[in-house]
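*Asks:* missing the sequence, but the structure's below:
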């Protein structure tokens with residue numbers, strides 16, 4: 001049978017791609033899912049076999065089975081996720097190019113989505129859904145390698161050879177970006193360096209990109225949204241006055257009044273004075289401090305000052321009548337104690 005060519009072929013393939021969303025087809029008594037329109041086109045063109053199409057479609061069905069209403073970011077860089085359906089609303093996170101989400105609602109040109117740990121709204125113009133999302137589905141899947149070593153670390157080599165020089169070493173459980181699987185070796189991209197790890201010590205896994213929360217964007221993956229939001233909120237009042245005995249974020253607060261009011265906003269009740277606040281949580285080493293932890297200072301053996309750690313060796317605090325609420329290096333004074341009161 002002669003195959004159509006040119007525009008006719010293109011139209012037929014496009015129709016086949018659309019139809020495959022709503023029909024069941026059979027090949028060699030095997031059920032072909034409706035998940036892979038690209039595969040359907042290639043099957044039509046005899047580029048892939050029916051067996052390869054079935055395997056590919058089943059894999060896509062499995063990977064996307066948790067997405068009832070699939071959406072994929074159809075942008076070249078990232079798509080902003082807003083807390084409300086408005087371009088002036090606060091950022092909740094960002095959806096990278098080809099990252100996936102569940103669409104749970106629609107409102108005035110915005111989709112309400114859930115992706116990973118992030119919920120919010122994105123402009124509908126930049127989110128592919130339905131058949132368009134399926135057409136982007138394969139680009140949304142990426143291969144990663146999970147390191148599993150019983151002891152020590154896994155050596156990352158410059159070439160796929162046990163005698164090759166080492167670039168670095170990675171710990172058990174580390175997730176690596178895979179460029180290619182080469183039998184005994186896995187080619188990876190590590191901090192923009194092409195390198196290799198032995199396939200004996202990694203497990204390959206297909207995964208999907210999901211949203212990056214504002215916490216991860218600002219402070220890193222180890223910091224949850226509450227910590228990020230608290231630190232961002234605390235810094236909104238930089239420049240406001242210091243007032244001895246005050247607890248107002250706008251009219252004036254002292255160090256412990258500032259801290260007490262900030263934390264109260266996020267549901268954490270703290271004592272009024274710094275010395276008592278220093279006993280309100282878990283004492284941790286400064287080296288383990290995360291944004292949102294409390295840093296205390298003392299004079300003459302008595303804790304008399306508290307600040308909020310915001311990351312990168314910095315704190316925000318109500319310092320003095322001259323400085324008001326300001327940001328300083330955490331070690332601008334000798335640190336007496338670091339306390340964790342947030343999860």
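*Replies:* Noted; the coordinates are in hand. No experiment lies behind these values; they were computed from the predicted model shown. Numbers count the residues shown, from 1 in each chain.

*Asks:* When you work out contacts or count neighbours from here on, use the C-alpha atoms and nothing else.
*Replies:* Fine.

*Asks:* the strands in the stretch 1-150 of the chain, which residues?
*Replies:* Assigned by DSSP state E, counting those that start in this stretch, the strands in the stretch 1-150 of the chain fall at 25-27, 30-32, 70-73, 78-82, 91-96, 100-107, 110-115, 118-123, 127-129, 141-147.

*Asks:* Report the contact partners of the residue nearest to residue 339 when sequence neighbours are not counted.
*Replies:* Using CA to CA, 6 or more residues apart in numbering and skipping residues adjacent in sequence, the residue nearest residue 339 is residue 283, 4.5 Å away. When contacts are counted by CA atoms under 8 Å, 6 or more residues apart in numbering, residue 283 is found next to 337, 338, 339, 340.

*Asks:* hmm, try it at 10 Å
*Replies:* If a contact means CA atoms under 10 Å, 6 or more residues apart in numbering, then residue 283 has 293, 294, 337, 338, 339, 340, 341 as its contacts.

*Asks:* Just the residues you listed: which are in strands?
*Replies:* Of those, the ones assigned to strands by DSSP state E are 294, 337, 338, 339, 340.

*Asks:* Dump the strands of the stretch 1-150 of the chain into TSV; add mean pLDDT, distance to residue 181 and mean neighbour count as well.
*Replies:* What follows is those, written out as TSV (pLDDT from 0 to 100; distance: least, CA to CA, whole Å; neighbours: other CA atoms under 10 Å):
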stretch	mean pLDDT	distance to residue 181	mean neighbour count
strand 25-27	38	30	11
strand 30-32	38	27	16
strand 70-73	93	26	28
strand 78-82	90	28	23
strand 91-96	87	24	22
strand 100-107	95	24	19
strand 110-115	96	28	22
strand 118-123	96	31	23
strand 127-129	94	30	22
strand 141-147	84	9	19
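
*Asks:* Show me which of the contacts of residue 283 are buried.
*Replies:* When neighbours are counted using 16 or more other CA atoms under 10 Å, those contain these buried positions: 293, 294, 337, 338, 339, 340, 341.

*Asks:* So residue 325, which state does it fall into?
*Replies:* The assignment at residue 325 comes out as strand when based on DSSP: H, G, I helix; E, B strand; the rest coil.

*Asks:* Where does the prediction get shaky in this protein?
*Replies:* Residues of the chain that meet the criterion pLDDT under 70 lie in 1-48, 52-53, 56-57, 59-60, 190-192, 216-223, 322.

*Asks:* any chance you could map the helices in it?
*Replies:* Shown for the chain, the helices assigned by DSSP state H span residues 6-19, 37-44, 50-63, 130-135, 137-140, 214-219, 225-235, 255-265, 274-277.

*Asks:* buried sites along the last one?
*Replies:* In other words, helix 274-277. Buried residues in helix 274-277 (16+ other CA under 10 Å): 274, 275, 277.

*Asks:* which of these lies closest to residue 147?
*Replies:* Lowest distance from residue 147 to those (CA to CA) belongs to residue 277, with 41.4 Å.

*Asks:* State the distance from residue 104 to residue 328.
*Replies:* Plainly put, residue 104 is 43 Å away from residue 328 if you go by CA to CA, to the nearest Å.

*Asks:* Kindly provide the distance from the spatially most central residue of the chain to residue 124.
*Replies:* In the chain, the residue lying closest to the centroid (CA atoms, centre = their mean) is residue 212, at 2.8 Å. Remark: distance between residue 212 and residue 124 (CA to CA) = 18 Å.

*Asks:* returning to that earlier point: any idea which of the buried residues of helix 274-277 is the one closest to residue 118?
*Replies:* Of all the buried residues of helix 274-277, residue 118 sits closest to residue 277, with 31.7 Å by CA to CA.
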